[in-house]
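> with the input below, show me the fold.
(chains A and B)
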There are 2 protein chains.
Amino acid sequence: MIDANPSAKELAGEGAFIWLGKAREWERQTGKKAIHFEIGEPDFQTPQNIVEAAVKALHGGKTKYTPSNGIYELRADVAEFLGKKRGVKFDPDCVVIGPGAKPLINALFQTIIDHTKPNTALITPDPGYGPYIDNAKYYGAKIYRVPMEEKNDWRYDVKVLRDVVESVPAGMDKVLLTISPSNPTGGILKKEDWDVVEELAKKHDMLVVSDEIYDDFVFEGGHTSILSRDGMMERTVLIHGASKTWAMTGWRLGWGVFPKHLAPTVGKMMGNIASCTAEFTQYAGIEAVRGPQEEVAKMKAEYKARRDYCVKAFKDMGCYCSLPGGSFYAYPNIRKIMDARGFKSELDLCNALLQEKGVVCLPGPAFGPSGKDHIRLSLVSSMDDLKEGMKRIKEFAGF
Amino acid sequence: MIDANPSAKELAGEGAFIWLGKAREWERQTGKKAIHFEIGEPDFQTPQNIVEAAVKALHGGKTKYTPSNGIYELRADVAEFLGKKRGVKFDPDCVVIGPGAKPLINALFQTIIDHTKPNTALITPDPGYGPYIDNAKYYGAKIYRVPMEEKNDWRYDVKVLRDVVESVPAGMDKVLLTISPSNPTGGILKKEDWDVVEELAKKHDMLVVSDEIYDDFVFEGGHTSILSRDGMMERTVLIHGASKTWAMTGWRLGWGVFPKHLAPTVGKMMGNIASCTAEFTQYAGIEAVRGPQEEVAKMKAEYKARRDYCVKAFKDMGCYCSLPGGSFYAYPNIRKIMDARGFKSELDLCNALLQEKGVVCLPGPAFGPSGKDHIRLSLVSSMDDLKEGMKRIKEFAGF
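Numbers count the residues shown, from 1 in each chain, chains lettered A, B, ... in the order given. Got it, this is the predicted structure:
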């Protein structure tokens, strides 16, 4: 009987979803409620104006197919919304709408990697969000990791970045992935980092894939984007979407801005994968980008408060946690807890933390080898839950 | 600069979406309204109980991530809904929910075709729905077409089916695609066809991919499925979804039932492609399969009336049209019109029909070479539009 192919079987599955499953199983078995730090899903509700826009669209019969790259109105609004923030003018025809950012990542890699004779190098931050690596590898790209360190606040060591880029054989298609603010570390790239990214991209004719989905949650100073720089629009893919900014994870609505020469094929690929994105959801997206943004500001303030609490709580335990500049993650160094408790791996620690205390975190190395000695906390539980979770982690550590 | 890979650029794009685009352009230029027979999208509205279920879920905050294979409740309801009709018991864990049936087709082929060393033969009805071929080819499958003919009401000539299956080299993974009721012909497979499909599947250890998405629109007698037969569940993939039965195309909600050994990998692949399907949409799906089905019966009666009108109108012009046993398509033979008007191809005819009369049909060969001399009409316009469309086609033909 025909079986799944080996690469399909080997697909890791996204760590956060796997740990969500583990946590649900623990809850079922113990009858208790876990404290969830595992998944990057805001605990906030989608702002009411967006919900009502979807309801209005549903009642108005917006339940039909749309073009595979999305309805023009939403593409134009997204182009304006993202362009204003970056001080540039995006062409609506360069915007592709998808049922989430994940399908755009998938469509992008299927478009640029020739799986029949793969010759693509994905140069990826380590630690970094896994599905980029899973998707690129699945279609045959070779992965080059750029180790990042806590002592640099998870920004590039630009010498290391240069070395990795220059280690890629000439003749390979080079794709440089940046995630700022970063999942999993919350680190943000600064002007000096972007200077080097720009220089290397131009020198090596690289495509930059810039994941900026956490751009509305930058806590100090503003968001900076490689797309604000001259000559970068035609060599950069911007990955973004509604999930994080407006707490719309379960709506499945993402978008990307692609260089003009790639956008039509990515749109066609999206048609091949998914036909199109739900019509009423796209109308809700129009309300999201056009409507009032006060709720977003409130969420940001709350994420910042949680970040400050969490970082301090780890410091009080004697565990260093680089201050996340953005996103809603914390990525503390838990070496001291591992040593104190005698755990051989971060995975063992996370398993024991769930079993003993019902607190769910992700092992750092799930995001790459440089995540050694770390765990990721997604700060998407209420402040009360966060306090309770940190109290239990302290008990667990025995400090 | 990194470009799209050749196979991505060559992706055909789904004919119906391309013609929808052409029609919209014609409407823009002329300021007139076209008569749309091009896309397989019901003109009906989604039944109100389903819309209200989505509204309730939205108001209830069902806007979060779900497992990548779908929420258990919907999977269980779909298993029961599809199982009852086929007289079998499906395991909810064999059901995978996706944002449309198209992503399931994509996930299936990515799962079973090893694109690093493809060794899969897709044996496909000709004419047949294009995206199966586009997706299978993209991942490296070899396509074997089984020509079907009007004189057999677009059912198999079983000798031809046997010959094609036996022409596939031993050692290749064989996947037999069946689409009954058929898009584009409306033909339905009967007991004698399924007998041979079952025999060949077992003899050659084939995986049958059975697209039964039009199963609620079979006009005479009931729907028959290969899945009702002993020993076929473990070698059959059932592709289905909400789009056609409940007029939910633009919602993006599909599902498949997979053999037990494939379902977990397809679910994981769905996670890799799309994370998951919108949560509130899945709750609407529960209402669709559990709720009253009177609206479906009304739609079916209307499709039947349209079918009868359309087939007769073509016959009155002297153009044969095999009576579609199901679906909402008609696939008339328009050779006589081509000859009378001197068109070299079905494409030329369809282009001229749009330009001269604002009537949009798809050229038959868009569904495979056996579609020569035919066009596809999707009977998803009101009876008034259908009458007007047929009147214009008659004028166009000059008969």
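> tell me which residues of stretch A:36-52 come out buried.
A:36-44, A:46-47, A:50-52 (16 or more other Cβ atoms under 10 Å in any protein chain shown). (Each C-beta comes from the backbone N, C-alpha and C, glycine too.)
> and that stretch, how far out from the chain middle?
When distances are taken as Cα atoms, centre = their mean, to the nearest Å, stretch A:36-52 is centred 15 Å away from the chain's centroid.
> please apply the same query to stretch A:70-89.
For stretch A:70-89, the distance to the chain centre is 20 Å (Cα atoms, centre = their mean).
> render the CA-only coordinates of that stretch in CSV, please.
Taking Å, rounded to 0.1, in the frame of the first residue of the first chain, the C-alpha atoms of stretch A:70-89 are listed here in CSV:
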residue,chain,number,x,y,z
GLY,A,70,-7.0,38.3,-2.5
ILE,A,71,-9.6,41.0,-3.2
TYR,A,72,-8.1,44.2,-4.5
GLU,A,73,-9.6,46.4,-1.7
LEU,A,74,-7.8,44.4,1.0
ARG,A,75,-4.5,44.3,-1.0
ALA,A,76,-4.7,48.1,-1.4
ASP,A,77,-5.4,48.7,2.2
VAL,A,78,-2.6,46.3,3.4
ALA,A,79,-0.2,48.0,1.0
GLU,A,80,-1.1,51.4,2.5
PHE,A,81,-1.1,50.2,6.1
LEU,A,82,2.3,48.5,5.9
GLY,A,83,3.8,51.1,3.6
LYS,A,84,2.9,54.0,5.9
LYS,A,85,4.7,52.4,8.8
ARG,A,86,7.8,51.9,6.7
GLY,A,87,7.8,55.2,4.8
VAL,A,88,7.4,53.5,1.4
LYS,A,89,4.7,53.0,-1.2
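> avg pLDDT for it?
Mean pLDDT, computed over stretch A:70-89, is 97.
> and the residue of the stretch 51-200 of chain A nearest chain B?
Ranked by Cβ to the nearest Cβ, the top residue of the stretch 51-200 of chain A for proximity to chain B is A:Asp114, at 3.6 Å.
> now do the contacts for that residue.
Applying Cβ atoms under 8 Å, 6 or more residues apart in numbering or on different chains to A:Asp114 gives the contacts A:Thr120, A:Gly140, B:Asn5, B:Pro6, B:Ser7.
> near chain B, which residues of the stretch 151-300 of chain A are found?
Residues of the stretch 151-300 of chain A lying near chain B by Cβ under 8 Å from any Cβ of the partner chain: A:173-175, A:205, A:207, A:234-235, A:247-252, A:259, A:261-262, A:265-266, A:268-269, A:271-281.
> wait, is A:Ala121 part of a strand?
Yes: with DSSP: H, G, I helix; E, B strand; the rest coil as the criterion, A:Ala121 is located in a strand.
> helices along the stretch 1-150 of chain A, start to end?
A:6-10, A:15-30, A:48-59, A:72-86, A:101-112, A:130-138 (DSSP state H, counting those that start in this stretch).
> report all helices and strands that the last one contacts.
On a contact count with 3 or more Cβ pairs under 8 Å, 6 or more residues apart in numbering or on different chains; DSSP states H and E, helix A:130-138 meets helix A:101-112, strand A:120-126, strand A:142-147, helix B:263-274.
> who's in contact with the second one?
Applying Cβ under 8 Å, 6+ apart, the set of residues contacting strand A:120-126 from outside is A:112-114, A:132-133, A:136-137, A:140-148, A:156, A:164-165, A:168-169, A:172-179, A:182, A:206, A:367-371, B:2.
> also the third one?
With Cβ under 8 Å, 6+ apart as the test, strand A:142-147 has contacts from A:118, A:120-126, A:133, A:136-137, A:156-157, A:160-161, A:164-165, A:167-168, A:172, A:368-370.
> if we use 10 Å, what do you get?
Applying Cβ atoms under 10 Å, 6 or more residues apart in numbering or on different chains, the external contacts of strand A:142-147 come out as A:118-128, A:132-134, A:136-137, A:156-157, A:160-165, A:167-169, A:172, A:174-178, A:368-370.
> can you mark which positions in the helix or strand that that strand is followed by are buried?
Note on strand A:142-147: by DSSP states H and E, the next helix or strand toward the C-terminus is helix A:158-167. The neighbour-count check on helix A:158-167 (16+ other Cβ under 10 Å) flags A:Val158, A:Leu161, A:Arg162, A:Val164, A:Val165 as buried.
> could those go into a markdown table alongside pLDDT?
Listed next are the buried residues of helix A:158-167 as a markdown table, based on pLDDT from 0 to 100:
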| residue | pLDDT |
| --- | --- |
| A:Val158 | 96 |
| A:Leu161 | 98 |
| A:Arg162 | 98 |
| A:Val164 | 98 |
| A:Val165 | 98 |
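> does A:Asn49 touch A:Ile286 like I think?
No: the pair A:Asn49 and A:Ile286 does not pass the contact test of Cβ atoms under 10 Å, sitting 11.2 Å apart.
> can you count the residues close to A:Lys9?
13 (other Cβ atoms under 10 Å in any protein chain shown).
> quickly note the distance from it to chain B.
6 Å (Cβ to the nearest Cβ, to the nearest Å).
> now swap in A:Leu353 and tell me
From A:Leu353 to chain B the distance is 22 Å (Cβ to the nearest Cβ).
> is it true that that residue lies in a helix?
Yes: per three-state DSSP, A:Leu353 lies within a helix segment.
> what number of residues lie near it?
25.
> that one reaches A:Met390, doesn't it?
No: using Cβ under 10 Å, A:Leu353 is not in contact with A:Met390; the gap is 11.9 Å.
> residues shared between the contacts of those two?
Common neighbours of A:Leu353 and A:Met390 (Cβ under 10 Å, 6+ apart) are A:Ile35, A:Phe37, A:Val359.
> what's the pLDDT at the second one?
Just to be clear, that refers to A:Phe37. With respect to pLDDT, A:Phe37 has a value of 96.
> for it, which non-adjacent residue is spatially closest?
Nearest residue to A:Phe37, sequence neighbours excluded (Cβ to Cβ, 6 or more residues apart in numbering or on different chains): A:Leu377, at 4.1 Å.
> is it true that A:Phe399 touches A:Ile334?
No: here A:Phe399 lies out of contact with A:Ile334, judged by Cβ under 10 Å, at a distance of 11.3 Å.
> overlap in contacts, these two.
Common neighbours of A:Phe399 and A:Ile334 (Cβ under 10 Å, 6+ apart) are A:Met317, A:Cys319, A:Ala340, A:Ile393.
> do you know how far the first one is from A:Pro332?
Right, the one you point to is A:Met317. Going from A:Met317 to A:Pro332 by Cβ to Cβ, to the nearest Å gives 9 Å.
> stretch A:293-311: which residues count as buried?
Buried, per 16+ other Cβ under 10 Å, within stretch A:293-311: A:293, A:295-296, A:299-300, A:302-304, A:306-307, A:309-311.
> turn those residues into CSV, including distance to A:Gly221, pLDDT and secondary structure.
Listed next are the buried residues of stretch A:293-311 as CSV, based on distance: Cβ to Cβ, whole Å; pLDDT from 0 to 100; DSSP: H, G, I helix; E, B strand; the rest coil:
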residue, distance to A:Gly221, pLDDT, secondary structure
A:Gln293, 18, 98, coil
A:Glu295, 22, 98, helix
A:Val296, 17, 98, helix
A:Met299, 18, 97, helix
A:Lys300, 13, 98, helix
A:Glu302, 19, 98, helix
A:Tyr303, 16, 98, helix
A:Lys304, 13, 98, helix
A:Arg306, 19, 98, helix
A:Arg307, 15, 98, helix
A:Tyr309, 21, 98, helix
A:Cys310, 21, 98, helix
A:Val311, 18, 98, helix
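> which residue is the nearest non-sequential neighbour of the residue nearest to the spatial centre of chain A?
Centroid-nearest residue in chain A: A:Asn183, 5.0 Å away (criterion: Cα atoms, centre = their mean). Excluding the flanking residues, the one nearest A:Asn183 by Cβ to Cβ, 6+ apart is A:Tyr129, at 4.6 Å.
> burial count for that neighbour?
Applying other Cβ under 10 Å, we find 24 residues neighbouring A:Tyr129.
> A:Thr178 is in contact with that one, correct?
No: in this structure A:Tyr129 lies outside contact range of A:Thr178 using Cβ under 10 Å: 11.1 Å.
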